[in-house]
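# Sequence and predicted structure below; questions after.
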Amino acid sequence: MTTEASAGELFSEERSAEAVNAAFDNAPDPRLRQVMQSLVRHLHDFVKDVELTEEEWAAGIAFLTATGQKCDDVRQEFVLLSDVLGVSMLVETVNHRAKGVATESTVLGPFHVVESPPRPLGADISLDHRGESCLVTGRVTGPDGEPIGGAIVDVWQADEDGFYDVQRPGSVPSANLRGLFTTEADGTFWFRTIMPHHYPIPDDGPVGRLLEVTGRHPNRPAHIHFIALADGYAPVTTHLFAAGSAYLDSDAVFGVKPSLVRDFAVVEDPARAAELGLPDRFRAVDFEIVLLRSQE
Ligand code: BEZ
Ligand code: FE
């Protein structure tokens with residue numbers, strides 16, 4: 001039996017995908033044709049594999065409809081669905097292979113803002129000063145260890161209660177726990193913030209219900225988001241995860257990569273704290289970010 005579709009082939013259970021894919025044979029864009037024909041093959045395999053019932057198909061359509069209806073300017077339930085199915089992580093990983101050299105990438109998540117506020121190195125991004133103080137230091141380098149001065153480091157994180165500023169506009173200062181930093185000539189950057197905590201992804205919609213009925217939790221381990229960009233280098237979207245955080249081994253969106261987990265050490269050094277403008281006891285973490293050259 002050939003697996004090739006032939007034009008005009010009528011639908012049958014055995015060759016359902018081939019019959020449908022023949023209809024896509026003349027799609028003018030070859031990449032779109034490849035994507036659609038593969039999608040059809042996998043969808044048909046799935047229906048046959050589980051022998052999907054009509055009730056289940058209707059429930060699936062209702063779920064996808066509700067997912068679309070939950071979306072608005074600030075809520076993207078389809079991205080959340082892609083996240084909890086591990087598809088966001090897979091697309092990210094396939095498209096940004098670190099080649100054993102660069103800092104590994106992870107999900108962007110829905111709370112990045114395009115216009116993050118530029119801040120001077122050393123700034124405190126915690127505008128409401130709630131939480132355990134934390135110093136983040138780091139360096140952006142290229143694949144041969146060369147420092148990258150003038151690199152942009154965009155950071156954002158959730159607050160003490162597990163919310164991003166954009167989730168509670170009006171009740172927390174805008175741009176709380178966000179900043180856009182530019183590295184020194186030696187590639188270094190540093191800023192003050194609070195110790196991140198684990199928190200749940202938005203679970204008051206269809207995706208949350210899916211997690212609930214399948215016995216999954218909605219939590220992400222403690223992390224700080226980073227995007228690092230520099231001329232001539234491929235950007236990286238990643239996280240810094242706190243060692244010892246709950247849910248490191250069961251992130252609801254599968255974002256954890258062991259290379260991204262760091263100790264947030266407890267520092268009790270009043271002289272150093274005074275120099276940095278931090279309380280006597282604070283946490284400190286260092287994160288070196290390695291970028292590949294654009295053409296690599
Ligand atoms: C986040 O880390 O901000 C996030 C990522 C994926 C889904 C929801 C939240
Ligand atoms: Fe996050």
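Received the coordinates, thanks. Quantities reported herein were computed from a predicted structural model and do not represent experimental measurements. Ligands and ions are numbered 1, 2, ... in the order given.
# quick one: contacts for the residue in the stretch 151-296 of the chain that ligand 1 sits nearest to?
Nearest residue of the stretch 151-296 of the chain to ligand 1 (Cβ to the nearest ligand atom) works out as Ile201 at 3.7 Å. Any C-beta I mention is one placed from the backbone N, CA and C, and that applies to glycine too. Going by Cβ atoms under 8 Å, 6 or more residues apart in numbering, Ile201 touches 80, 83-84, 207, 218-220, 252-253.
# Distance-wise, check Trp156 relative to Ile194.
13 Å (Cβ to Cβ, to the nearest Å).
# Which neighbours do these two have in common?
By Cβ under 8 Å, 6+ apart, the residues touching both Trp156 and Ile194 are Leu177.
# For ligand 1, what is the nearest residue in the stretch 101-250 of the chain?
Closest point on the stretch 101-250 of the chain to ligand 1, by Cβ to the nearest ligand atom, is Gly109, at 2.9 Å.
# ok, and the closest non-adjacent residue to that residue?
Excluding the flanking residues, the one nearest Gly109 by Cβ to Cβ, 6 or more residues apart in numbering is His225, at 6.6 Å.
# about what we covered before: part of a helix, is the residue of the stretch 101-250 of the chain closest to ligand 1?
No. Secondary structure of Gly109 (DSSP: H, G, I helix; E, B strand; the rest coil): coil, not part of a helix.
# surely it meets Phe226?
No. With contact defined as Cβ atoms under 8 Å, Gly109 does not reach Phe226; the gap is 11.6 Å.
# which of the two has more neighbours?
Phe226 (24 against 21; other Cβ atoms under 10 Å).
# residues touching that one, list them.
Per Cβ under 8 Å, 6+ apart, neighbours of Phe226: 153-155, 236-240, 287, 289.
# How is this structure divided into domains?
Here the domain parsing of the chain from automatic domain parsing is 4-52, 77-290.
# Single out the most deeply packed of those.
Neighbour counts (mean count of other Cβ atoms under 10 Å) averaged over each of the domains of the chain peak at domain 77-290, with a mean of 17.
# what residues are up against the residue nearest to Gly109?
Going by Cβ under 8 Å, 6+ apart, His225 touches 108-109, 111-112, 155-157, 237-239.
# Look up the pLDDT of the residue of the stretch 101-250 of the chain closest to ligand 1 for me, please.
Gly109 is assigned a pLDDT of 91 by the prediction.
# how close does it get to Asp45?
According to Cβ to Cβ, Gly109 and Asp45 sit 31 Å apart.
# And for Val113?
40 Å.
# just to revisit the earlier point, which stretch of helix or strand covers the residue nearest to Gly109?
Assigned by DSSP states H and E, His225 belongs to strand 223-229.
# next SSE after that strand?
strand 236-242.
# Just the angle for that next one relative to strand 223-229, thanks.
150 degrees (axes from the mean of the first three to the mean of the last three Cα atoms, to 10 degrees).
# I'd like to know which elements strand 236-242 is packed against.
Here strand 236-242 touches strand 223-229, strand 261-262, strand 281-290, going by 3 or more Cβ pairs under 8 Å, 6 or more residues apart in numbering; DSSP states H and E.
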